[in-house]
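Colleague: Need a 3D model of the following:
(2 chains)
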Amino acid sequence: MKRIGMIKPKFPKFAKPGTTRIKAVLATGVTALLATVLSACSGGAGGTASNVISYWLWDSSQEPGYQQCADLFHKANPGLSVKITQYGWNDYWTKLTAGFIAGTAPDVFTNHLTKYPQFVDLNVLQPLDELPATKGISNDEFQPGLGELWTGQDGHRYGSPKDWDTVGLFYNENLLQKAGVDPSELNNLAWNPQNGGTFEKLIAHLTIDTHGVRGDQKGFDKNHIAVYGFGGLGAGDNMAQTTWSAFAYSNGWTYMNKNPWGNSYNYASPKLQETLKWYFGLAQKGYAPTYNSFSSSFGGFNQLAANKAAIVQDGAWMIATYQTIKGVKWGIAPMPVGPTGHRAGPLGSLADSITKTAKNKDAAAKWVQFMSTAQCQNVIAKAGVVFPARPASTQLSLQTRKAAGIDASSFVDMVQNNETFFLPISSYGADITAIMTPGLQAIYTGQKPVSYLETLNEQVNRLFKLN
Amino acid sequence: MASNVVSPASKTSSRGGDSRKHSDDTRLALLFITPAAVGFLVFLIWPLIRGIYLSFTSYNLLTAATWNGLNNYKQMVLDPVFWNALKVTLEYVVINIGVQTIIALVIAVMMQRLTKSLVVRGIILTPYLVSNVVAALVGLWILDTNLGIFNELLKLIGLNPVGFFTDGPWVIPTIALVNVWRYVGYTSLLIFAGLQTIPPDLYEAARTDGASEPQMFVRITLPLLRPILALVLIISIIGSFQVFDTVSVTTQGGPVDSSRVLQYYIYDMAFGRFRFGYASALSVALLIVLMIVTFIQYRLTRAGQTDLA
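Modeller: This next block holds a predicted model:
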């Protein structure tokens, strides 16, 4: 200011325009700055316009299929388009949480069974039955049970089922061959918590120590293992999707008094205690890896691919990953029959949910509805990554895999034979995970006996009583 | 002293514009202070006050907080995971700061007494330029039970592989040492700067008196370095108590609770379980612990005084 005043007598002409120019420049600068800040606030992860639907998913192998669906959707609704964003599993949930807080959550996102009850409790999901396009979605369109899984305690639909999965045994054919085991034997296995049955016999035979002695031979050294009969053993968490839940259910156990939306868990049950004693006991016998034999980056899939495990338990969603293995022939068998006389496998399902903050809910609902149609689900079936939620599309997916030389029928059989059970759906999912995960690790590592489950169960059920 | 040498010109200015200059200075000072003050208020004082308030509430971030008095603190006192987290954090701090300070001191003294090479100084600082997450990831891969090169070396010399990040007793020392690697260069540079303040003539005098290097270290270097060392310790201990990223990248608190440090527990409680009220109470506990530790350290080390007369 002073300086302008000083130069005034020398350059009278420029003085005034100069000040205005400075003011103008300042004003423009401030406006530009504000605009940037404001647009940064309103833009974010969501679509920039209400006719662009933002859609998130975490599985990169499914992105191409859904991009095809998005293109088809755009063709059918020229005024609307879908912007797909993919984040890895861990970042996905962190970003989503942050998005809910900051108001930058996507309009539509792929939701997971274990996560959605918390989102319902936090009141961030839009009931689909309240929107015109998704109102008509009916449970009958999907594999039995899937629609029910995504219905909240209040009776509202919070997700439109897109696919389903369960678990099975993935085996390394080369290692079976070396042991003189015919893969078809795997279809007739049975287990029990007392002596492990034919299942334990088989994995003992498939286990080889560093001196080449098999698990069922004399002189077997259980502390130095070259090949585990049953790899990928894990402590599991509150749902134990790919670890012990399938065994526990075929032993007659259930997660809680009522599923979905129970309010009393059964982790203290003697049925679960004996199951876990046997299951974690496999590691002590040397037939399965102990807690610290493999790092978390070297799970069941890696163990099988590296010829370090003959059989591992894994989910149907992993098939595409197994297809990337080179030099190892592999196949899929059903879970062994348990003391109940049945097999059991957890039924998982992903669904599409709409957020309460979605800018154009009607458009978002149109996109969700489109993903539930046979048109989109058949596209997903042909991509051959997951089993779509519609029965006809599931069959198409099965054929796609068969053409690729993979027999995935044991997963579909389990659903058709009613041998699947629901993953636990209840309030306090995150709290229960926080209690059960370290607790189960303590049992797996031998720091605590299986009876510790009683303490854990008490802690879990206290959540329902206190809150 | 200064008044004898001021020039007539500056005298004029001081006489002619005293009041103006004074008020100008205040405005300028305010202008300079404002950004920092605003940042301090908005990003430090306000969150601190709000955090303390939230610690007395039940709050899930998406719906309004409800006052629940001392419930969170009562729960905290009875929470075994909290006490375990405190113990694990303390174990981490002791290993991390102990090893780091000793190595840093050795490196700093060697830099001062043996070489003045800028290249060496640069190399020593390099790990500090790597982000914590990257350092943790690299550590995770090197020390992996099955794929890690370090375990391959162990196998070569006939030892069994160690589950550095999967075996309960190993995880905290491993995480502590990964962070020592990252911070030791930085710490040693701070100490090195402190060493520069010690007058060289003291060493010359000692040498004339026939003192050996270790004697000079114990009698001259250590006592005169105390204020700097105390400051370095206070800063690095506060940082060490807040260890989070390395745990988050490598073990997520496991196995069982053996690496569930306080900061990770707070994070999980808030962003995993949406219990922001309880998480705030845990944060207040951390704040109190840090205040006590810093106060004791400050008193014990007489960090505000120097022996350099």
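Colleague: Share the number of residues neighbouring the residue of chain B found nearest chain A, please.
Modeller: Of all residues in chain B, the one sitting closest to chain A is residue B:163 (3.4 Å; Cβ to the nearest Cβ). C-beta coordinates here come from the backbone N, C-alpha and C atoms, glycine included. Neighbour count of residue B:163, defined by other Cβ atoms under 10 Å in any protein chain shown: 24.
Colleague: if I pick it, what's in contact with it?
Modeller: Neighbouring residues of residue B:163 by Cβ atoms under 8 Å, 6 or more residues apart in numbering or on different chains: A:292-293, A:295, B:145, B:170.
Colleague: Same check on residue A:263?
Modeller: Residue A:263 makes contact with A:256-257, A:426-427, A:464, according to Cβ under 8 Å, 6+ apart.
Colleague: where's it relative to residue B:34, distance?
Modeller: Residue A:263 sits 55 Å away from residue B:34, going by Cβ to Cβ, to the nearest Å.
Colleague: and the nearest residue to residue B:175 once chain neighbours are set aside, what helix or strand is that in?
Modeller: By the measure of Cβ to Cβ, 6 or more residues apart in numbering or on different chains, the closest residue to residue B:175 outside its immediate chain neighbours is residue B:246, 5.1 Å from it. Assigned by DSSP states H and E, residue B:246 belongs to helix B:245-250.
Colleague: and if you look at residue A:382?
Modeller: Using DSSP H and E, residue A:382 falls in helix A:374-383.
Colleague: do the same with residue B:128
Modeller: Using DSSP H and E, residue B:128 sits within helix B:118-129.
Colleague: by how many degrees do the helix or strand following that helix and helix B:118-129 diverge?
Modeller: Sequence-wise, the next helix or strand downstream of helix B:118-129 (DSSP H and E) is helix B:132-142. Between helix B:132-142 and helix B:118-129, the angle comes out at 90 degrees (axes from the mean of the first three to the mean of the last three Cα atoms, to 10 degrees).
Colleague: what's the very next helix or strand once past helix B:132-142 in contact with?
Modeller: Tracing the chain C-terminally past helix B:132-142 and defining elements by DSSP H and E, one meets helix B:149-156 next. Here helix B:149-156 makes contact (Cβ under 8 Å, 6+ apart) with B:142-145, B:160-162, B:164.
Colleague: Identify each buried residue in helix B:149-156, please.
Modeller: Within helix B:149-156, the residues that count as buried by 16 or more other Cβ atoms under 10 Å in any protein chain shown are residue B:151.
Colleague: average model confidence for that helix?
Modeller: Helix B:149-156 comes out with an average pLDDT of 92.
Colleague: gap between the very next helix or strand once past it and the chain center?
Modeller: Using DSSP H and E, the helix or strand that follows helix B:149-156 in sequence is helix B:168-196. Put simply, helix B:168-196 sits 10 Å off its chain's centre (Cα atoms, centre = their mean, to the nearest Å).
Colleague: Buried residues, helix B:168-196. List them.
Modeller: Neighbour counts over helix B:168-196 (16+ other Cβ under 10 Å) mark B:168, B:170-172, B:174-192, B:194-195 as buried.
Colleague: And the helices in the stretch 1-150 of chain A?
Modeller: A:2-7, A:12-42, A:63-76, A:89-102, A:116-121, A:132-135, A:146-149 (DSSP state H, counting those that start in this stretch).
Colleague: quick one: average pLDDT of the second one?
Modeller: Regarding helix A:12-42, the rounded mean pLDDT is 42.
Colleague: Likewise for the fourth one?
Modeller: Confidence over helix A:89-102 (mean pLDDT, whole number) is 88.
Colleague: Show me what that helix is in contact with.
Modeller: Applying Cβ under 8 Å, 6+ apart, the external contacts of helix A:89-102 come out as A:44-45, A:56, A:58, A:87, A:104-106, A:109, A:115, A:119, A:122, A:124, A:355, A:357, B:61-62, B:271.
Colleague: again, only this time at 6 Å
Modeller: Outside helix A:89-102, the residues that touch it by Cβ atoms under 6 Å, 6 or more residues apart in numbering or on different chains are A:45, A:58, A:87, A:105, A:124, B:61, B:271.
Colleague: residue contacts, residue 68?
Modeller: All of this refers to chain A. residue A:379.
Colleague: my bad, the chain I had in mind was chain B
Modeller: So residue B:68 contacts residue B:58 (Cβ under 6 Å, 6+ apart).
Colleague: one more time with 10 Å
Modeller: By Cβ atoms under 10 Å, 6 or more residues apart in numbering or on different chains, the contact list for residue B:68 reads B:56-59, B:74-75, B:277-278.
Colleague: phi, psi of the residue nearest to residue A:201 when sequence neighbours are not counted?
Modeller: Of all residues not flanking residue A:201 in the chain, residue A:216 sits nearest, at 7.0 Å (Cβ to Cβ, 6+ apart). The phi and psi torsions at residue A:216 (degrees, to the nearest 10) take the values phi -100, psi 10.
Colleague: I appreciate the help and will end here.
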